[in-house]
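A.B. asks: just the structure for this:
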Amino acid sequence: MPLLEMTGICKNFPGVKALDDVCLTLDSGEVLALLGENGAGKSTLMKILSGVYTMDKGQIKIDGDVVDIRNVWDAMKLGIGIIHQELNLIPDLTVYENIFLGREKRNPITKRIDKAYLKQESNKLLNRLGVHIDVERIVKTLSVAEQQMVEIAKVLSMDCRIIIMDEPTDALTTDEVQNLFKVVRALKSEGKGIILISHKIEEIMEIADRVEVLRDGKYIGTRVVSETNADELIKMMVGRELKDKFPKVKIPAGEVVLEVRNLNVPGMLHDISFELRKGEVLGIAGLVGAGRTELGKALFGFYRYSGEIFLDGQKIKLTTTSAAIEAGIVYLTEDRKEEGLFLDKTVSYNMTLATLKAFTGLFGKVDAPREAQIVNDYVRRLRIKTPSIYQSVENLSGGNQQKVLVGKWLMTRPKVMILDEPTRGIDVGAKVEIYNLINELKESGIAIIMISSELPEILGITDRILVMHEGRITGHLADFEATQEKIMRYAISAGGMDLGTK
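C.D. replies: Next comes the predicted model:
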């Protein structure tokens with residue numbers, strides 16, 4: 001008898017049929033991977049199982065018994081826990097307070113929270129995950145990767161029978177992923193049932209027993225991992241073969257658009273110098289903490305810096321993000337949901353936010369028809385899948401949310417676009433769409449800095465690669481000479497090399 005059975009699951013949102021007669025089974029001691037493009041319905045199905053959403057139609061059985069899950073408390077009582085893709089932590093509380101929030105152990109006599117016990121148990125959970133985080137730190141001071149590990153520890157603390165992991169490795173390093181997989185294997189040996197949502201097929205092939213594929217809210221099929229391969233799974237996901245996972249357009253590099261000389265940000269960046277040319281994609285590689293995002297934000301006026309920055313040969317001073325935008329430099333954040341978009345606002349609202357003055361007439365009145373015309377034009381150009389420009393961004397897939405963010409910055413008519421992890425959290429089909437979009441931007445003459453932790457992506461899309469280590473540039477590689485081994489050698493080395501532009 002399966003541990004879990006979901007049959008005939010249907011769910012509708014305004015203008016969107018998210019799930020249409022979807023089924024799923026999970027056995028004890030099994031890792032079931034849930035695969036599909038963004039918008040396929042994976043997260044929606046799991047939010048129904050974990051009580052975040054209620055289904056419109058369908059049935060859920062646990063151990064053969066029909067269950068009624070109306071909220072997250074119902075799910076928790078049934079032994080169902082979920083690690084959400086969107087971090088679900090309280091930023092102003094400590095690590096240990098977040099892990100045991102709502103389940104604090106109290107002294108039976110004084111009724112006070114037993115903080116010593118909570119700290120001790122939190123340390124045990126984090127040690128089990130192979131990470132060392134001070135449990136008394138405030139969560140908002142942690143990196144995204146550290147917060148992800150706290151989220152995982154929180155669910156482990158519940159001792160659930162069914163554990164849902166929604167993109168748990170998205171912000172983790174290779175070592176952290178392997179530590180997590182050790183825990184997953186241990187949970188599996190204890191008879192837990194694990195549902196893993198991931199767009200990283202190589203991870204699925206390593207850790208999962210079976211794979212279920214969804215497409216456009218419908219069940220497509222299930223495969224045993226040992227009896228399938230990446231190409232078959234991708235075809236099931238997208239409904240077609242992807243012949244080129246890294247489409248790349250080669251064009252002659254133009255004149256120098258951006259020149260950075262001896263850029264320093266105290267405690268973050270040290271003596272950074274490089275050039276960026278028109279129509280070029282410059283990759284920035286390095287391990288977590290190397291300073292890649294800090295470099296992108298520094299060039300967007302986010303930090304005080306020393307050194308010199310030249311745009312089109314003219315020295316500029318980027319004291320604020322507004323100054324950077326006005327100069328023609330924009331930054332697409334790695335965390336689109338927290339820093340890039342207002343999820344509860346419409347596509348139109350988000351896309352025109354940085355250029356609202358262009359649509360505002362006398363007395364501050366927005367020219368709504370003109371705004372709608374231009375937004376619709378960008379939606380067509382960027383091939384954004386949305387029922388309307390007045391749809392809330394939170395109802396779009398990750399890939400389409402990313403395109404809305406790109407559209408927002410394209411409206412400013414930039415000379416330089418800094419793309420920080422532009423394909424994080426989106427599936428293989430949507431990634432190819434983003435790569436094609438980067439090629440279009442490149443052909444239009446925009447100079448692009450692309451920060452990515454995925455080495456195949458860096459190697460497949462960029463024209464040159466800068467490698468960073470502890471806030472310094474330690475390697476500079478042309479695309480024809482770059483390999484994963486070379487990049488990793490410079491990523492773990494404090495020693496530099498000849499950094500002359502190529």
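
A.B. asks: for the stretch 351-500 of the chain, which segments count as strands?
C.D. replies: 416-420, 447-451, 464-469, 472-478 (DSSP state E, counting those that start in this stretch).

A.B. asks: let's have these in TSV, adding mean pLDDT, mean neighbour count and distance to residue 485.
C.D. replies: The way it works is simple: take the backbone N, C-alpha and C, and place the C-beta from them, glycine included. Shown next, in TSV, are these (pLDDT from 0 to 100; neighbours: other CB atoms under 10 Å; distance: least, CB to CB, whole Å):
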stretch	mean pLDDT	mean neighbour count	distance to residue 485
strand 416-420	95	26	25
strand 447-451	96	25	20
strand 464-469	95	24	12
strand 472-478	94	20	11
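
A.B. asks: let's have those strands in JSON lines, adding distance to residue 389.
C.D. replies: Below are the strands of the stretch 351-500 of the chain laid out as JSON lines (distance: least, CB to CB, whole Å):
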{"stretch": "strand 416-420", "distance to residue 389": "22"}
{"stretch": "strand 447-451", "distance to residue 389": "26"}
{"stretch": "strand 464-469", "distance to residue 389": "37"}
{"stretch": "strand 472-478", "distance to residue 389": "41"}
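
A.B. asks: so for residue 154, which of those sits nearest?
C.D. replies: The closest of the strands of the stretch 351-500 of the chain to residue 154 is strand 416-420. By CB to CB, the value is 26.7 Å.

A.B. asks: how about the strands of the stretch 351-500 of the chain, which one is nearest residue 335?
C.D. replies: Where the strands of the stretch 351-500 of the chain are weighed against each other on CB to CB, the nearest is strand 416-420, at 8.5 Å.

A.B. asks: packing partners of that closest one?
C.D. replies: helix 292-298, strand 329-332, strand 447-451 (3 or more CB pairs under 8 Å, 6 or more residues apart in numbering; DSSP states H and E).

A.B. asks: could I get these as a markdown table with distance to residue 217?
C.D. replies: What follows is those, written out as a markdown table (distance: least, CB to CB, whole Å):
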| stretch | distance to residue 217 |
| --- | --- |
| helix 292-298 | 34 |
| strand 329-332 | 28 |
| strand 447-451 | 32 |
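
A.B. asks: do you know how far the nearest residue to residue 447 once chain neighbours are set aside is from residue 329?
C.D. replies: The spatially closest residue to residue 447, leaving aside those adjacent along the chain, is residue 257, at 4.4 Å (CB to CB, 6 or more residues apart in numbering). From residue 257 across to residue 329, the span is 10 Å (CB to CB, to the nearest Å).

A.B. asks: returning to what we had before: out of the helices and strands packed on strand 416-420, which gets nearest to residue 406?
C.D. replies: Minimum separation from residue 406 across these (CB to CB) falls at strand 329-332, 6.6 Å.

A.B. asks: starting at the chain centroid, how far to that closest one?
C.D. replies: With CA atoms, centre = their mean, to the nearest Å as the basis, strand 329-332 stands 17 Å off its chain's centre.

A.B. asks: then it to CSV, C-alphas only?
C.D. replies: What follows is strand 329-332, C-alpha atoms only, in CSV (Å, rounded to 0.1, in the frame of the first residue of the first chain):
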residue,chain,number,x,y,z
ILE,A,329,23.6,50.6,-15.9
VAL,A,330,20.9,48.3,-14.5
TYR,A,331,21.1,45.2,-12.2
LEU,A,332,18.8,42.2,-12.4
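
A.B. asks: which neighbours in the sheet does that strand have, and how are they oriented?
C.D. replies: Applying DSSP bridges to the sheet, strand 329-332 is found paired with strand 416-420 (parallel).

A.B. asks: care to break the protein down by domain?
C.D. replies: 4-238, 257-491 (automatic domain parsing).

A.B. asks: export these to a markdown table and tack on distance to residue 245?
C.D. replies: Listed next are those as a markdown table, based on distance: least, CB to CB, whole Å:
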| stretch | distance to residue 245 |
| --- | --- |
| domain 4-238 | 9 |
| domain 257-491 | 7 |
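
A.B. asks: can you tell which of these is closest to residue 247?
C.D. replies: domain 257-491 (5.4 Å).

A.B. asks: endpoints of the closest one, how far apart?
C.D. replies: Taking CA to CA, to the nearest Å as the measure, domain 257-491 stretches 26 Å from start to finish.

A.B. asks: just stretch 435-452 next, same as before
C.D. replies: Calculated as CA to CA, the first-to-last residue distance of stretch 435-452 is 13 Å.

A.B. asks: how about stretch 437-453: buried residues?
C.D. replies: When burial is assessed from 16 or more other CB atoms under 10 Å, stretch 437-453 yields the following buried residues: 437-439, 441-442, 446-453.

A.B. asks: who's in contact with residue 261?
C.D. replies: 273, 307-310 (CB atoms under 8 Å, 6 or more residues apart in numbering).

A.B. asks: more neighbours, residue 257 and residue 329?
C.D. replies: The residue with more neighbours, out of residue 257 and residue 329, is residue 329; 28 against 22, by other CB atoms under 10 Å.

A.B. asks: do a quick rundown of the helices in the stretch 351-500 of the chain.
C.D. replies: 368-381, 398-410, 428-443, 455-461, 484-491 (DSSP state H, counting those that start in this stretch).

A.B. asks: tell me the most buried of the ones you listed?
C.D. replies: Counting by mean count of other CB atoms under 10 Å, helix 398-410 has the highest mean neighbour count of these, with a mean of 24.

A.B. asks: on that earlier part again, how about the strands of the stretch 351-500 of the chain, which one is nearest residue 296?
C.D. replies: Nearest to residue 296, of the strands of the stretch 351-500 of the chain and by CB to CB, is strand 416-420 at 4.5 Å.

A.B. asks: and the buried residues of stretch 437-453, which two are furthest apart?
C.D. replies: It's 446 and 453 that sit farthest apart of the buried residues of stretch 437-453, by CB to CB, at 22.7 Å.

A.B. asks: just to revisit the earlier point, now, the contacts of residue 261 that are in strands?
C.D. replies: Using DSSP state E, 273, 307-310 are the members of the contacts of residue 261 that sit in strands.

A.B. asks: how would you label the residue located most distally from the centre of the chain: helix, strand or coil?
C.D. replies: Distance from the centre of the chain peaks at residue 109, with 45.5 Å (CA atoms, centre = their mean). Assigned state for residue 109: coil (three-state reduction, DSSP: H, G, I helix; E, B strand; the rest coil).

A.B. asks: cool, the one 10 residues further on as well?
C.D. replies: Classification of residue 119 using three-state DSSP returns helix.

A.B. asks: so it versus residue 97, what's the distance?
C.D. replies: 10 Å.

A.B. asks: likewise residue 455?
C.D. replies: 37 Å.

A.B. asks: what of residue 58?
C.D. replies: Distance of residue 58 to residue 97, given as CB to CB: 36 Å.

A.B. asks: check residue 192 too.
C.D. replies: Distance from residue 192 to residue 97, counting by CB to CB: 25 Å.

A.B. asks: now do the helices in the stretch 51-200 of the chain.
C.D. replies: Under DSSP H, counting those that start in this stretch, the stretch 51-200 of the chain gives helices at 72-77, 95-99, 115-128, 144-156, 174-189.
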